[in-house]
Each structure stands twice: as structure tokens, then as C-alpha cells.
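A.B. asks: output the structure for:
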Amino acid sequence: MSDDPYCYPGTSILRNLLGIRTKSELDRAERQLVQLRIEEGTPPGNFDLAHLQAIHRHLFQDIFDWAGEVRQVEISKGGSQFQARQFIPVGMADIHKRLVAANFLSGLSKERFADKAGEIIGDVNYVHPFREGNGRTQLEYLRQLADRAGHEFSAAKLDPAQWLRASLSAHRGEYKLMSAAIRNALV
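C.D. replies: Predicted coordinates for the structure are as follows:
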């Protein structure tokens with residue numbers, strides 16, 4: 001049972017605009033609706049928190065009334081605690097500052113782009129601004145970052161198991177697996 005304000009009372013099922021009350025149905029609906037929104041194209045931005053929020057709002061607008069809102073609860077996954085909610089704006093501001101200083105990773109070779117993008121996405125994943133949907137939002141953010149830097153990123157080329165291992169490793173400040181996963185997904 002959960003006392004999470006994002007969930008239906010007494011359950012671990014996220015409140016949703018569709019009224020779905022089972023995890024498997026909600027997962028299926030999310031995949032379908034988010035894919036349709038990705039195909040429409042995601043909002044551009046400046047790779048800051050507002051940009052990440054706009055992407056999340058676009059992708060999840062059909063599912064959650066809180067789409068695009070920064071989470072108001074602490075969350076963890078697999079024993080890894082994500083950034084404390086009160087530090088989400090500071091964490092994303094730091095990432096944005098680093099991207100600006102690095103000219104949004106423009107002009108880098110694929111290898112160097114993957115190395116730097118691995119650090120950025122690993123840190124965005126640690127910040128984990130949303131209650132749900134961080135991974136899909138991050139992949140769109142990464143796709144746009146690659147495009148701006150002159151590279152083509154294809155999430156379809158990611159190996160899900162490798163991406164999960166890379167995310168866990170990056171959570172510990174080790175970015176090599178994340179960089180390798182990104183490198184493998186550059187076209």
C-alpha cells in the first residue's frame with residue numbers, strides 16, 4: 001500500500017487521466033500514447049529544467065494531470081536514492097551551466113560527444129525530476145542534444161539491459177557504460 005500523493009489511495013498505481021487501475025494496463029497505455037507524442041515531435045528548448053519539463057509535459061499530457069511538474073516526493077529505485085526534491089532546480093541548473101560552457105557539445109567527434117553526453121545524461125538521470133517518465137523524457141532530451149551537436153541519436157539502437165546497467169553505474173558517478181551506450185546509439 002502507498003501513501004504517495006501521486007498514487008490512487010491505498011495502491012501503488014499512479015493516478016492517471018485514463019482511470020486505469022492496473023500497472024500492466026497503465027504501462028501499455030503509456031507506451032502507446034507516449035510513442036504517438038514522440039512521433040509528433042517534442043518541444044525544443046535550451047536544455048534546462050524548463051526544457052525537460054516541456055518535453056515531459058508533451059509526452060505525458062494524455063496520461064497524468066501532473067505531466068511536466070517537478071516531483072514533490074522523494075524517490076528511489078533498486079536501492080538508489082535520486083536527488084532530493086528540493087535540489088532538483090539546482091541540479092538541473094548545474095547541468096545547464098555545463099552544457100552552455102561546452103557549447104552544447106557542438107563540434108565534437110561522435111566519440112567525444114558520447115563521452116560528454118554520458119556524463120550529462122547520467123547526471124540528468126540522478127536528478128530525476130519527475131515522479132514517472134524520466135527515462136523517456138531523458139531520451140528525447142538526449143536526441144535533441146545530439147541533433148544540436150550535429151549527431152543523430154536513435155533510441156531504438158539502445159540495448160535496454162545495457163542502458164539499465166549504464167544508468168546504475170552513472171548513479172555512482174561512473175559514466176563509461178553510459179557513454180558506451182550512447183556511442184552505440186549514434187547513427
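
A.B. asks: doesn't residue 93 lie inside a strand?
C.D. replies: No - under DSSP: H, G, I helix; E, B strand; the rest coil, residue 93 falls outside any strand and is assigned helix.

A.B. asks: gap between it and residue 135?
C.D. replies: Per Cβ to Cβ, to the nearest Å, residue 93 is found 22 Å from residue 135. Backbone N, C-alpha and C define where each C-beta goes, glycine included.

A.B. asks: over to residue 156?
C.D. replies: Taken as Cβ to Cβ, the span from residue 156 to residue 135 is 14 Å.

A.B. asks: between the two, which one's more packed in?
C.D. replies: Set side by side, residue 156 and residue 135 show more neighbours around residue 135, with 15 against 7, by other Cβ atoms under 10 Å.

A.B. asks: wait, a helix at the more buried one?
C.D. replies: Yes - with three-state DSSP as the criterion, residue 135 is located in a helix.

A.B. asks: quick one, what contacts it?
C.D. replies: When contacts are counted by Cβ atoms under 8 Å, 6 or more residues apart in numbering, residue 135 touches 125, 167.

A.B. asks: now do the strands in the protein.
C.D. replies: Taking DSSP state E to define them, one finds strands in the chain at 76-77, 80-81.

A.B. asks: okay, now the unreliable bits of this protein?
C.D. replies: In the predicted model, the chain carries pLDDT under 70 at residues 1-2.

A.B. asks: switch the cut-off to 90
C.D. replies: Along the chain, segments meeting pLDDT under 90 span 1-3, 77-80.
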